[in-house]
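S.K.: here is a sequence with its predicted model. Questions after.
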Amino acid sequence: LVEHGFEPDGVKRIKKRTCEEHNPYGEDHVDRFAKIDDDIIADVTNRPEATIGTWVGCTTAYYQPEIFENLISVLNTAGITPKAMTEERCSGLPQYKLGLRETAFDLMEYNANIINDSNVDQLIVDSPECYRAFNEFYPHFGYELETKVIHSSHFLQELASSGSIGFDTELNQKIAYHDSYELSRHTTPTNRKDHETSDIHSAPRELIDNISGVERVELRHNREKAFSCGADLGVQEMYSDIGRDVARTVLNEIERAGAKKVVVGSPACKQHLSDVIRKDNLNFTVVSLPEIVAQANSALHQRSNRPS
């Protein structure tokens, strides 16, 4: 339909913004990392010797910089200073899902080139959409990456299991974990045998369970049956009221589980749920996985309290 000119106005707007600024929000590309702490950015740029890379992503760069700041700070405590892909653009998956195939393919080709030129052995990705794009859509359409792409929850859990990062602060909180639908249902190709799955369910939970004093509670709908938070780009652009109602459904589940804090595995979920909480004047706190890890480390917890 899009290729024949029948796209909705919202899709046209996203295409225009992407073509002009290389992100679906239309934020200035030249200011992509302007909100991230200067010391953090300086630390992860101009590192030709680094074998571990990181991908910031659009939502984190423009709206949730504290997620990236905390991720880098946690990695630093483990003696890791990764290289950021400072020329990154949107992964292209949001555009592809909206039918903007050529726009998406242009982004995929560009990003694949800069990732491969970086010569990193591993690329840590926090955004579930970017993670899915790199692992599934890029190779499917011929944009092969010459590096292992690993989600931040897996990487951080491996560090915790090996004792490379510690948790010396008791949080003494009841915390729910919300499964992003991209992580919980879509991180493997849809062709599966029986109940085979490599979707990311365990790593975030194990990471949270490492934290002293945390009582983790499950939402009624979880893992592969988790509800979307309503943050999908197309929904936000064209059906924002529905997106807010979907978010309220998730927040109601969190309340019924008895938690006032929810950890999310998606920057977009954090942004969207936080917006609805503010607008509805609700008493919930939303944090990312890197932030909750930082809060449990006395040397890092202050950065994780930075206002959004």
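M.R.: All right, it came through fine.
S.K.: once you drop chain neighbours, what's closest to K97?
M.R.: Nearest residue to K97, sequence neighbours excluded (C-beta to C-beta, 6 or more residues apart in numbering): G234, at 6.8 Å. The C-beta positions use only the backbone N, C-alpha and C, and glycine is treated the same way.
S.K.: check whether the one you found sits in a helix, strand or coil.
M.R.: The three-state assignment at G234 reads helix, by DSSP: H, G, I helix; E, B strand; the rest coil.
S.K.: where's it relative to S240, distance?
M.R.: Using C-beta to C-beta, to the nearest Å, G234 is found at 11 Å from S240.
S.K.: P82 against T45, yeah?
M.R.: No. Contact criterion C-beta atoms under 8 Å: P82 and T45 do not qualify, at 10.7 Å.
S.K.: more neighbours: which of these two?
M.R.: Ranked by neighbour count (other C-beta atoms under 10 Å), P82 and T45 place P82 first, with 23 against 11.
S.K.: residues contacting the more buried one?
M.R.: V44, R47, A50, I52, G53, T54, I72, L75, V120, I124 (C-beta atoms under 8 Å, 6 or more residues apart in numbering).
S.K.: and it, how far from A296?
M.R.: 21 Å.
S.K.: can you show me the strands along the protein?
M.R.: For the chain, the strands defined by DSSP state E cover 52-55, 83-84, 122-125, 148-151, 173-178, 214-217, 261-264, 285-288.
S.K.: tell me the most buried of these?
M.R.: strand 261-264 (a mean of 24; mean count of other C-beta atoms under 10 Å).
S.K.: can you spell out which helices and strands pack onto that one?
M.R.: strand 173-178, helix 267-280, strand 285-288, helix 289-295 (3 or more C-beta pairs under 8 Å, 6 or more residues apart in numbering; DSSP states H and E).
S.K.: keeping just the C-alphas, turn it into CSV.
M.R.: Taking C-alpha atoms only, strand 261-264 is exported to CSV below (Å, rounded to 0.1, in the frame of the first residue of the first chain):
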residue,chain,number,x,y,z
LYS,A,261,8.5,0.3,40.7
VAL,A,262,8.8,-1.4,37.3
VAL,A,263,11.9,-2.3,35.5
VAL,A,264,11.6,-2.3,31.7
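S.K.: in this structure, which residue is closest to the centre?
M.R.: Among the residues of the chain, the one closest to the centroid is S127, at 2.3 Å (C-alpha atoms, centre = their mean).
S.K.: who touches that one in this structure?
M.R.: W55, G57, C58, T59, T60, S91, S266, P267, A268.
S.K.: this completes my enquiry, with thanks.
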